[in-house]
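Engineer: Fold the following, please.
(chains A and B)
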Amino acid sequence: MNEKVSARTLAPVTWCPGCTNFLVLSAIQKFIEQQMQNGKKKEEFGIVSGIGCHAKIFDYLDLPGINTLHGRVVPTCMGLKLAKPELNVLGFSGDGDAYAEGMEHLIHMARYNSDFKYFVHNNQVFALTLGQPTPTTEIGYTDKTNPEGVKLQPFNPIKLLLAAGASFVARVDCDQNQIKEVLEEAIKHRGFAFIEILQPCLIFHNYREYKNRLYDLQKERHDKTNLGLALAKADEFDYDSKTGRIPIGIFYQKERKTFEELKLNK
Amino acid sequence: MRENILIGGSAGQGPNILASLISKGLIDKGFFVFSSREYESRVRGGHNFNMITFSDEPVYSNSAKVDILIALDENTEGIHQERLNKNGIILKGSSDNIFYAGRIFKILELNFKILDSEIKKLDNYEQNLIHATEGYNSEKRKFLVENKRGEEKIKIMNGNEAISEGAILSGVEFYYSYPMTPATGVLTELSQKQKDGKHITIELEGEISCINAAIGSSIAGAKAMVGTSGGGFDLMTESLSLAGMAEVPLVIYLSQRPGPSTGLATYTGQGDLNVALHSGHGEFNRIVIAPGDPLEAIEKTSEIFYFTQRYKIPGILMSDKHLVESYYSFTGEPRVTYSEKSIKWPARYNSYESGENKIATEDPKIVNKNVENRILISKRLQEEIEKFQSFKLYGKKDSENLIISWGSTKGAILDAIKEKDCRFLQIIYLEPFSNKIKNELKNAKKIIVVENNGTSPLSSLITKKTGYLIDDKNKILKYDGRPFLFEELSNEIDRRIK
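Structural biologist: Coordinates of the predicted model:
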């Protein structure tokens, strides 16, 4: 047992003060360090991030991998996992990355079921380019490029991923313990795990009231093997409404053969 | 001697199988064979044809004239009649390709045992054998051809098989591809050969996914390759730039067909030289290699694996429909270059400019260092390519007429210059461009550039790299989607050197 392990680099963090990404970093860091204390080595992990605020996590985690292009995290994770099936591959994307530029890859990954864990930092805005709307931005949101406000309804990524056949679909609040707990479940899951983190950007969104609307699916004994129920739960929050309950936790989990098992005959 | 067989029919009638059977019979008899195909973008119907040219000396192109015309359908005779030589013969009256195989084996006095063993590899052997035998017995005609060649074994191969073979010999582990003519052949070939477990082919939802998955596999330490044609290559170019920045070895196979846009999907052309040389934003290193025949394709594929690994750069291997789908016959063995892997897990990579531990940086000092390092790598790469066969010279050594070309036009040029006062410079490495090429241009009174495109990007490249201007009237360009035919190119060259 090595108590003095660290999964952090020495890079100074450049997120805004109070950014919820600190909590994500901290959760992932704790998880990795715990794994390392249990004998795992850094090279047994591979991380991939996209472009946007979330992607800075690559600079702060001292793990091998690549900070790749905007939107291309998903296929990169898959290529890495195929070539090194023994790795624990963790992918990180923003909502722009996952739902705009990279949506094509995400939908198909639900079908491929490559065995990596994928976090979408959903701050519901293109933050790093200073506030343009993404596919999950709420109706009425204004910025310099949309002075009249966003008129399109947002995607519901949970519903989309469930419909596309993803084998593990979860949503968490930006809470250290919750992220870590779901990651611990996800890492045991054999297949593609989709985990969305709700973290509306502090700079560009002025609402925080969603917090008291959250409830934990697992505490309410949600049957996560039932796709119909999962879809019903996914429908409870449309990423726009200002009232009503917002379910968090694991919506759906059902293992099937992974892409690597099917392709590599292992 | 050059003898030419044309097989015409509609898609689905099996002219390719017939062409392959005849080629095998000819090779067995010691003939050199060049066999190409022209087909429309449709699955059934229309008019497709295969051309086989054979000779007792090496042959790399087809002719405008036809000695034996095989009509699998009623349209063929009308379409190709005017190409038939005065004493040429026509085989018609059936739509069964195997029946025709029997007939032609008799006419050319080829070994029926070869036909028998080849049709054994197809479905419905017993039925086919009956048809082949009937065909063989039905013919009384003879088409006498002399063969003065010795016993040296001739091999037959198309570009698809060669590039795949080169990739396998180079230790490719992952081949990612989205179907697109004419790149699909390598995907098919590698898929058929993946049984040994050393490499696998993976088809994803698009070219962007393919190249990024390949980058993922490459950083894990695997040898990865992607294959596509022009449109798919365009989609990949953002990630080409990523491979350049992150220093990830990657082989990109770019198989050309005429563009722009969807262009002529099933025809040939060389319109993508500039996109291979200049695509991708920012300044980064790359290597661009274009072999001119299958034997070269095996060798150059192994060289591009070598350079991409050694310098951790992306490499673009260029071909076109004519090279990959035509069958070439040759003697001799390829010289394969061994490439050691340069990437070891664990390591970190970044699409941003990055400093220590590949952490993103905006520090001007580090940025300068990175840019200068990339320039340094380009100089080392340039130095090393000079030790490789990055260009080749053929023809009369002291001739003042110099023909320059690249890629699949090599075949028709070699055939055309045989009896002429010409030298031929084949440029194989387009980037880096050998510094020695300029010397070869010095003694030329007339420089002629031959390309399968309309604007001659090779001429611009030569001017940029050597300072020599190519006179417009000395550019022999063909841009109708068809390859150069022997007589056509020969006449074009004569007009310029007389």
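Engineer: Can you tell me which residues in the stretch 151-300 of chain B are near chain A?
Structural biologist: By Cβ under 8 Å from any Cβ of the partner chain, the residues of the stretch 151-300 of chain B that approach chain A are B:173-174, B:176, B:200, B:202, B:204-206, B:208-210, B:212-222, B:224, B:238-239, B:242, B:246. For the C-beta atoms, the positions are set from N, CA and C on the backbone; glycine is no exception.
Engineer: Just the strands from chain A, written as ranges.
Structural biologist: Under the criterion DSSP state E, strands of chain A are mapped to A:45-49, A:65-67, A:88-94, A:117-122, A:168-173, A:193-198, A:214-216, A:246-253.
Engineer: Which of those sits closest to B:D293?
Structural biologist: Closest to B:D293 of those, according to Cβ to Cβ: strand A:65-67, at 37.6 Å.
Engineer: any bit of that closest one sitting next to chain B?
Structural biologist: Yes - using Cβ under 8 Å from any Cβ, strand A:65-67 reaches chain B at A:65-67.
Engineer: out of the residues of the stretch 151-300 of chain B next to chain A, which are inside helices?
Structural biologist: Among these, the ones falling in helices (DSSP state H) are B:208-210, B:212-219, B:238-239, B:242, B:246.
Engineer: Just give me the neighbour total for residue 233.
Structural biologist: Here I'm looking at chain A. Here the number of neighbours of A:K233 (other Cβ atoms under 10 Å in any protein chain shown) works out to 26.
Engineer: wait, chain B
Structural biologist: 27.
Engineer: Could you pull up the residues touching it?
Structural biologist: B:207, B:252, B:254, B:272, B:275-276, B:279 (Cβ atoms under 8 Å, 6 or more residues apart in numbering or on different chains).
Engineer: any idea how far it lies from A:V125?
Structural biologist: From B:F233 across to A:V125, the span is 34 Å (Cβ to Cβ, to the nearest Å).
Engineer: ok, back up a step: export the strands of chain A to CSV and tack on mean pLDDT?
Structural biologist: Output for the strands of chain A, formatted as CSV (pLDDT from 0 to 100):
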stretch, mean pLDDT
strand A:45-49, 98
strand A:65-67, 98
strand A:88-94, 98
strand A:117-122, 98
strand A:168-173, 98
strand A:193-198, 98
strand A:214-216, 97
strand A:246-253, 98
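Engineer: Show me the one in the contacts of B:F233 that has more neighbours than the rest.
Structural biologist: Using other Cβ under 10 Å as the neighbour criterion, B:I252 leads those with 29 neighbours.
Engineer: List the beta-bridge partners for that one.
Structural biologist: Note on B:I252: beta-bridge partners by DSSP bridges are B:V226, B:I316.
Engineer: contacting residues for it?
Structural biologist: Neighbours of B:I252 in contact, by Cβ under 8 Å, 6+ apart: B:211, B:225-228, B:233, B:236, B:240, B:314-317.
Engineer: For PyMOL, what selects the buried ones among those?
Structural biologist: A single PyMOL command selects the buried members of these (16 or more other Cβ atoms under 10 Å in any protein chain shown):
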select buried, chain B and resi 211+225+226+227+228+233+236+240+314+315+316+317
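Engineer: which one among the contacts of B:I252 gets closest to chain A?
Structural biologist: Nearest to chain A out of those is B:I211 (Cβ to the nearest Cβ; 8.2 Å).
Engineer: That closest one: what's it in contact with?
Structural biologist: B:I211 sits next to B:176, B:226, B:236, B:239-240, B:250, B:252 when contact means Cβ under 8 Å, 6+ apart.
Engineer: and those residues as JSON lines, adding pLDDT?
Structural biologist: JSON lines is the format used below for the contacts of B:I211 (pLDDT from 0 to 100):
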{"residue": "B:Y176", "pLDDT": "98"}
{"residue": "B:V226", "pLDDT": "98"}
{"residue": "B:M236", "pLDDT": "98"}
{"residue": "B:S239", "pLDDT": "98"}
{"residue": "B:L240", "pLDDT": "98"}
{"residue": "B:L250", "pLDDT": "98"}
{"residue": "B:I252", "pLDDT": "98"}
